[in-house]
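Asker: Here is my input; please provide its structure:
(chains A and B)
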Amino acid sequence: MTPVASQPHVYADLDVLRRTWSSRPGLLGWLSEINHKAIGRRYILTAFIFLLLGGIEALLMRLQLAKPENTFLAAARYNQIFTLHGTTMMFLFAVPVMEGMGIYLVPLMVGTRNVAFPRLNAFGYWMYLAGGLFIYGCAFFGMIPDAGWFAYPPLSGPQFSPGKGVDVWAQMITFTEVSALCVAVELIVTILKMRAPGMSLNRMPTFCWSMLVQSFMIIFAMPAVMIASTVFLLNDRTLGTHFVNPAEGGDPLLYQHVFWFFGHPEVYIIFLPALGIVSSILETHTRRQIFGYPALVLSLVGNGFIAFGLWVHHMFATGLPQIGEAYFTAASMMIAITSGVQIFCWLATLWTGRLRPTAAVHFVFGFIFIFVMGGMTGVMLASIPLDLQTHDTFFVVAHFHYVLIGGALFPLFGGFHYWFPKFTGRLIDETLGKLSFWILFVGFNLTFFPMHWLGIVGMTRRVYTYVPGLGWEHANLLATIGAFVILSGGLVFIVNVLRSRRSGPRAGSDPWDASTLEWETTSPPPPYNFPNLPVVPTRTPLWTPSAERAIVTGLREDRREILITSVLDAQPHHRSVQPRPSIWPMLTALGFSVGLAGSIFAFYWYYVASVLGMVGLIGWFWPERPLEVKP
Amino acid sequence: MNQSMWHASGSNAAHIRELAIFFGILLGVIFLIVVGLALFSLRRRHRGIEQEPLERSHQASERTEARLRMVVGIATAVTLLILFGLTIVSVSVGKSVSASVAPANSLLIEVTGTQWWWKIRYASDDPSRILRTANEIHIPVGRPITIRGSADDVIHSFWVPSLQGKRDLIPGRTTLEWLQADRPGEYRGQCAEFCGLQHAHMAFWVIAEPPAQFNQWMEHQLQPAVEPADDETKQGQNIFLNSACVLCHAIRGTDAGAHAGPDLTHFGSRKTIAAGTLPNNKGNLAGWIADPQNVKPGTHMATVPIQPAEMQPLIDYLESLK
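Answerer: Modelled structure (predicted):
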């Protein structure tokens, strides 16, 4: 191999590498895309479109609730909109956007060329897109779910929710869960088997740790929701089973248990990657190694375990045995310990670092403020007597928007500002970034803080209107005004992204002087990510003097070769060849999607799904010579 | 009119309110400390780390790190202790307000949630003293009340925040809770579990009265409906008994005995109509009977064709059922 003169320390033929790893051109190439950066970008962009849709739904709800007995939205329409809002935000925005961040960043952070199963990755994206198009496509034909994003039977059952809306909801879950499981498998294998040599587990960036824990949580949590939504609910509705239909001896509480066994970990599935993002931003912008790395990582893992032990706090009002409820109170309180440790570590990092107050850091401070308050109300909700008063009121609405928007969306926005140079090659405008932060921060608190009070003075959730005279008018109006402030903050952010993407100053590979590997390669990264795979000597490789750093040579450049390393210490193990781009994952997803979508109308569509999916899989796995480019 | 845990008027709600204030103050202080520490970190001068060679090593000195470890360790230990304390306090308050300690002399009232109103049944060993009513629960002040809840169709949740936390009403199951009003008053409650189209308009009233007054109310409610006193109400009764109204409603003392809809025997004595949707007066009642879907879209109350000339006698009759 010949060193390339213009780039020091590169022992690779970049032209061959580029040709080996490039995607095919044209529409066919676009549909056959399997590069993790392209797929990650698609996840993020698609999720943002759904965020906008969910946001519009939120604004419509706020307009309806601005004054008592408002007639802006009819009851039926309001119920559809809040169902769509919750479903969109949970399944079509929050989880996929975090997965997109993971798919884009994890291979760069662990120093490899792609995710472990690139075709599965593409398949996962297409399933997610199909699920989103399915539920919104059906909405145009009036098939809109209206039983809430949790779809409790018997209300969601065939008797009380006739029509196809709830079927669409339940089947959409199947799409997004398949997608989430694909990503989870990708990321686990990428993280455990494809780290750069030397990156032992205790040198792995906290973001990768958070994605690893999140992925394991997905693998345990998502099957539960498929059992709830598909096996119980959809079968009760379409095949006439009676899993959760009390009229036929089924048990509606069984559904709640299984749903929340997924539903509570779901919150941490959304929120753990955000913790990783916060650690990344803080480490870079305080100029010091994050304090308490082992404690942070153990807290992440602890969060992952505890998250599975507290689902019953969503069901305190159902009258379960007291001893069990006490256990779930204690478990719910415990999550505050692991979360607390992380906050303390970040505070310690802040106190002893040299902070650069960038826009990303603004979002981290916003996160600390909002998330800690959400954590405090969370501790209140863990207490059964307090929960019995505040459950299903606006107090809970306030609480989970504080933890989800504060705990996930603010770090995510911070992460966008932080990684924007890497994604696009250009710096994002800091002034506009800070402006959007302040508008979002003020708007958020204006919208959701009054909801704490609304809950305490008795306003229940999921009501399309309320009678005057209960003292709820002012707080509701304030919340509606706040919602529009949030909208304007979002618009500033969008303007900033579009403007900076076109005309921001060039970023260079490492504008922040950051510590982790994704900043070593050019911005945006080339299709092969790194000319030579790096060797990792410390936990903060880019802060290690370059004399102490090595690179990997000996991988073939004319084939899509990647290095497989050992799980614990990332010792080089063997080389592996990745498949070439293929349109079959897209076609397979299309086949399954058509069948799954059809199956809510007639059972035989399941056969169609099987046959089409099988055809797709045959094409996908048809033996082929690995790609080899001519030097 | 209030529906607020803040205006606690019963011992259970008062305990929970105290607990909320305790949690709120303690956690509020912790919140302020954490945010204060984060903001204070922005004041570089106070950090005493100006000598740290961060730009080169990206690591604080071993002494600083050791101090940080100690502080974070202590903070974690304190968190643990606080949470332990909160759990103990919470569980003990939870025990005191839970159904398992409902006093033995309590009055048993069965509440059945149904889309979108409340069936109320005062239980008694003496069948002649079982009372059915709807959407309005009268209780004696100072006596514990056990609410035995269930649901006919979907899950509902019974909630009177001024008196007690909520309890779900689940079809096929029975749930229990107990409450007690410590002073007379009218307390609004509302369904707290999303139950479909008119979840928003599924309210009820708990009216706490001194025991003597309550007994008087009870005795009166146990009586059959008052007979029409004049021609107008007599005509109204005929209209009622000869229309589709009787397919769903009961008026004791007449031939109307169906229980798909609220029992109307003493309808005129209730505060509101359509489960807390409108104040009970003749104008609202006429609007409700003429076009229920306009007042409460999706309600299962049928639109019974009533001739305009029949409306006045009908509502006069219903309002006379004090």
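Asker: In space, what's closest to A:Gln334 - neighbours in sequence excluded?
Answerer: Quick fix: residue A:334 is Met, not Gln. Using C-beta to C-beta, 6 or more residues apart in numbering or on different chains and skipping the chain neighbours, the partner closest in space to A:Met334 is A:Ile306 (5.3 Å). Just so you know, the C-beta spots here come from the backbone N, C-alpha and C atoms, and that holds for glycine as well.
Asker: where's the one you found, which helix or strand?
Answerer: Assigned by DSSP states H and E, A:Ile306 belongs to helix A:293-306.
Asker: Show me what that helix is packed up against.
Answerer: Here helix A:293-306 touches helix A:206-226, helix A:252-286, helix A:322-351, going by 3 or more C-beta pairs under 8 Å, 6 or more residues apart in numbering or on different chains; DSSP states H and E.
Asker: Redo those helices as a markdown table? Include mean pLDDT and mean neighbour count.
Answerer: Shown next, in a markdown table, are the helices and strands packed on helix A:293-306 (pLDDT from 0 to 100; neighbours: other C-beta atoms under 10 Å in any protein chain shown):
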| stretch | mean pLDDT | mean neighbour count |
| --- | --- | --- |
| helix A:206-226 | 96 | 23 |
| helix A:252-286 | 95 | 25 |
| helix A:322-351 | 91 | 21 |
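Asker: Quick one: name the residues of the stretch 151-300 of chain B near chain A.
Answerer: With the criterion set to C-beta under 8 Å from any C-beta of the partner chain, the stretch 151-300 of chain B comes near chain A through B:153-155, B:157, B:159, B:161, B:164-168, B:170-173, B:175-177, B:188, B:190-200, B:203, B:276-277, B:297-298.
Asker: out of these, which are inside strands?
Answerer: Counted as lying in strands by DSSP state E, out of those, are B:157, B:159, B:164-168, B:175-177, B:188, B:190, B:203.
Asker: out of these, who has the most neighbours?
Answerer: Among these, B:Gln164 has the most neighbours (other C-beta atoms under 10 Å in any protein chain shown), with 32 neighbours.
Asker: Apart from its chain neighbours, what residue comes closest to the closest residue to chain B within chain A?
Answerer: Residue nearest to chain B within chain A: A:Leu388 (2.6 Å; C-beta to the nearest C-beta). With C-beta to C-beta, 6+ apart as the measure, B:Gly165 is the residue that lies nearest to A:Leu388, at 2.6 Å, once sequence neighbours are left out.
Asker: how about the one you found, what does it touch?
Answerer: A:317, A:385, A:387-389, A:391, B:5, B:12-13, B:16, B:97, B:159, B:177 (C-beta atoms under 8 Å, 6 or more residues apart in numbering or on different chains).
Asker: B:Asn294 now?
Answerer: B:Gly287.
Asker: Just say helix, strand or coil for it.
Answerer: Here B:Asn294 is helix, with the state taken from DSSP: H, G, I helix; E, B strand; the rest coil.
Asker: Read off the pLDDT value for it.
Answerer: Listed pLDDT for B:Asn294 reads 92.
Asker: next one: B:Arg43
Answerer: Reading off the model, B:Arg43 has pLDDT 79.
Asker: Count the neighbours of it for me.
Answerer: 8.
Asker: what's the span of stretch B:5-19, first residue to last?
Answerer: Using C-alpha to C-alpha, to the nearest Å, one end of stretch B:5-19 lies 11 Å from the other.
Asker: so does it get close to chain A?
Answerer: Yes - shown here: stretch B:5-19 in contact with chain A (C-beta under 8 Å from any C-beta) through B:5-6, B:13, B:15-16, B:19.
Asker: Just the ones of the residues you listed in helices?
Answerer: B:13, B:15-16, B:19 (DSSP state H).
Asker: As CSV, could you dump the C-alpha coordinates of stretch B:82-96?
Answerer: Below are the C-alpha coordinates for stretch B:82-96, written out as CSV (Å, rounded to 0.1, in the frame of the first residue of the first chain):
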residue,chain,number,x,y,z
ILE,B,82,-33.9,10.9,51.1
LEU,B,83,-35.5,8.5,48.7
PHE,B,84,-35.6,5.8,51.5
GLY,B,85,-37.3,8.3,53.8
LEU,B,86,-39.8,9.4,51.1
THR,B,87,-40.6,5.7,50.4
ILE,B,88,-41.3,5.0,54.1
VAL,B,89,-43.5,8.1,54.4
SER,B,90,-45.3,7.4,51.2
VAL,B,91,-46.1,3.8,52.0
SER,B,92,-47.3,4.7,55.5
VAL,B,93,-49.6,7.4,54.2
GLY,B,94,-50.7,5.0,51.4
LYS,B,95,-51.6,2.4,54.0
SER,B,96,-53.7,4.8,56.0
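Asker: Is any residue of it near chain A?
Answerer: Yes - contact of stretch B:82-96 with chain A is found when judged by C-beta under 8 Å from any C-beta, involving B:83, B:86-87, B:90-91, B:93-95.
Asker: dump the residue contacts of A:Met451.
Answerer: A:394-395, A:397-398, A:401, A:475, A:479 are the contacts of A:Met451 under C-beta under 8 Å, 6+ apart.
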